[in-house]
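**Student:** Can you look at this prediction? I've put the sequence above it.
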Amino acid sequence: MTQPSPRAAGTPAPAPLPLIAILVLALLSAVAPLATDMYLPGFPVMTEDLATGASTVQLTLTGFMVGLALGQLFIGPLSDSFGRRRPLLLGTALAVVAGFACALAPNVETLIALRLLQGFGGAAGVVIARAIISDRTTDAGASARLMQIMMMIGGLAPVLAPIIGTGIVSLAGWRAVFVVTAILSAVSFFGVFTKVTESLPAENRTPGGAKALWKGIGTVITNRAYLGYTLTVGFAFAVMFAYISASPFVFQGILGLSPVQYSLAFGSNAIGLVVVSAVSAKVVGRVPPQRLAAIGLTTMSCGALAVMACVLSGAGAGLMLPSIFCTVASLGLILGNVSALAISQTPRTAGTASALLGALQFCLGAVASPLVGLAGEGTALPMACVMIAAAVLAVGSFLLLTPRGPAAQAVAGAA
C-alpha cells in the first residue's frame, strides 16, 4: 500500500474513530490468529479422518499463511486506489464463504485450497485495519495508542483460541471449528457494514494500483535498514510458527499432555507473549526499541538452544515447556519494536512497507510450518532445528543489515 498524500494545510482533521469501530477493527485483526490457532487441537484427529500424514495436515496451515501473505500484497494497493471500505467488505465476505466451505471439505487437498482462499480474504482485515487507523489519526502517537489497543485485544485471540478449539473439537469435531471462524468473519462483515465508514477520501487515493505497488516495493527494498529490520521480524515470526504448527504433536504426542493440558500450555505461552508486549509498550518511551529488540533476540536464541538441548537429551515437559515459554514470550520484545523500526525507515512509503513486512512474515511462517513435520509425529527435532535456524537468521539480519549501535553490540556480545 502506498501512503496517502499529506493533508493540505487547512484540511479538517479526520474524525476520531469511535470505540465500536476500534473494536470491529480489533476483531478483524483477531480473526486471522483465531483461524490459525483454534483448529490446532484437532490436528491429530484430522490426520486420521482425512487419511493423511502430519506434514500434509500442516499444509492446511501453510495454505492459510500463503493466502494471508498474497492477500496483503494485493488488497493493500487496491484499497489505496478504491478506498478502504469496499475491499474490506469483499475480502471479509470471501473469508466467510471459504470458512463455511472448509467445514465441508471432502479431502485434505480441497481443504488446503480453501484455507488459502480463507487466508486471502482474511488478509483484508489485517492490512486495511492498520490503514484505517493511519487514515483517521493525525500524529504517530495517536496511531501508536490505537495500534496498542488493537494489539492487546487481538492478543487475547491466541490465548483463547486453543481452549475454545479443544472444546469445539471434543463436542462437535474439527469441522465445527471452521463454522465458528466463518461466523466470526460474518460478525466482522456486519460490523464493518454498519459501524466502519470510509476513511480514505477520494482526493487522497493513489492511482496506479499494482504499478504503484511495485514502485513502492522497489523503493523500500533498496533501503538497507528497512530490509534488515523486516528480515529480523520475518525470521522471528518463523520461530513462532515453527512452534505453533508443531505444538499439537509435540505437546500431546511426545510430551504426553492431554488436549486440555495442551490448551492450557499453549494459552500460557500466549499470555507470556501478551504480557511481555504490554511491558515493552510501557517502557519503550524510556528504553530505545533497538535495545528492547536486542534483549528479545538474545532471549529467543537462548530459548531455542534450550529447546534443542531438551530434545537431544530426551528431557520431559518439566524442562521443555519453560524453554518454549521463554522463546515465545521473548517475541513480545521483538515483533512490535522491530516492525515500528522497519516502517519508520521509509515514511513516504509506509503503507507499502507495512504490506511487504506483513507478507514476508506470513510467507516465512508458511515455509516453517511444513518443515517441522518432515520427520513425522514422533520427534520434535525438526521443530527445534527450524527454531534455531530462524533465530540465527533473525540475529544475523539484525547485526549485519541494521544500523550498528549499543543495541546491536549487545546482541553481538550475547551471541
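**Tutor:** All right, it came through fine. Source: prediction; values computed, not measured.
**Student:** List the residues that contact Ala35.
**Tutor:** By Cβ atoms under 8 Å, 6 or more residues apart in numbering, Ala35 lies in contact with Phe64, Gly99, Gln118, Gly119, Gly122, Thr181. Every residue, glycine included, has its C-beta placed from N, CA and C.
**Student:** The same query, at a cut-off of 10 Å, please.
**Tutor:** Residues near Ala35 by Cβ atoms under 10 Å, 6 or more residues apart in numbering: 61, 64, 68, 95, 98-99, 102, 115, 118-119, 122, 157, 161, 177-178, 180-182, 184-185.
**Student:** Also Tyr226?
**Tutor:** The contact partners of Tyr226, taken as Cβ under 10 Å, 6+ apart, are 219-220, 341-346, 349, 353, 356-357, 401-402.
**Student:** Show me the domain layout of the protein.
**Tutor:** 13-207, 209-415 (automatic domain parsing).
**Student:** remind me which residues of the stretch 201-350 of the chain are low pLDDT?
**Tutor:** Applying pLDDT under 70 to the stretch 201-350 of the chain flags the ranges 205-214, 216, 347-350.
**Student:** My guess is Phe100 contacts Val177. True?
**Tutor:** No. Counting by Cβ atoms under 10 Å, Val177 is not a contact partner of Phe100; they are 11.9 Å apart.
**Student:** Between the two, point out the one with more neighbours.
**Tutor:** Using other Cβ atoms under 10 Å, the more surrounded residue of Phe100 and Val177 is Val177, with 27 against 18.
**Student:** distance of that one from Asp37?
**Tutor:** Relative to Asp37, Val177 is positioned 10 Å away (Cβ to Cβ, to the nearest Å).
**Student:** Need the overlap of contacts for these two.
**Tutor:** Counting by Cβ under 10 Å, 6+ apart, the shared contacts of Val177 and Asp37 are Ala161, Ile164, Gly165.
**Student:** Skipping adjacent residues, who's closest to the first one in space?
**Tutor:** Think Ala161. Asp37 (3.6 Å; Cβ to Cβ, 6 or more residues apart in numbering).
**Student:** Who are the contact partners of that neighbour?
**Tutor:** Applying Cβ under 10 Å, 6+ apart, we find Asp37 in contact with 61, 157-165, 244, 247, 266-267, 270.
**Student:** just the buried members of these?
**Tutor:** Among those, those classed as buried by 16 or more other Cβ atoms under 10 Å are 61, 157-165, 244, 247, 266-267, 270.
**Student:** Go ahead and confirm Ile164 touches Pro41.
**Tutor:** Yes. If you go by Cβ under 10 Å, Ile164 and Pro41 touch, sitting 9.4 Å apart.
**Student:** Overlap of the contact sets of those two?
**Tutor:** Val177, Ser263.
**Student:** residues near the closest residue to Cys326 other than its chain neighbours, how many?
**Tutor:** The shortest distance from Cys326 to any non-neighbouring residue, by Cβ to Cβ, 6+ apart, is to Gly303 (3.9 Å). Other residues lying near Gly303 total 24 when counted by other Cβ under 10 Å.
**Student:** What separation is there between Gly303 and Val328?
**Tutor:** 8 Å.
**Student:** Residues that sit against both of those two, list them.
**Tutor:** Jointly contacting Gly303 and Val328 under the rule Cβ under 10 Å, 6+ apart are Val239, Tyr243.
**Student:** quick one: the strands in the stretch 201-350 of the chain?
**Tutor:** Assigned by DSSP state E, counting those that start in this stretch, the stretch 201-350 of the chain shows no strands.
**Student:** Just the helices from it, written as ranges.
**Tutor:** Taking DSSP state H, counting those that start in this stretch to define them, one finds helices in the stretch 201-350 of the chain at 210-221, 224-247, 259-283, 289-313, 317-329, 335-344, 350-371.
**Student:** surely the residue nearest to Cys326 meets Thr327?
**Tutor:** Yes. The criterion here is Cβ under 10 Å, and Gly303 meets it with Thr327 at 3.2 Å.
**Student:** okay, and the common contacts of these two?
**Tutor:** Val239, Tyr243, Met387, Ala391.
**Student:** What segments of the stretch 1-150 of the chain are strands?
**Tutor:** Secondary structure of the stretch 1-150 of the chain (DSSP E, counting those that start in this stretch): no strands located.
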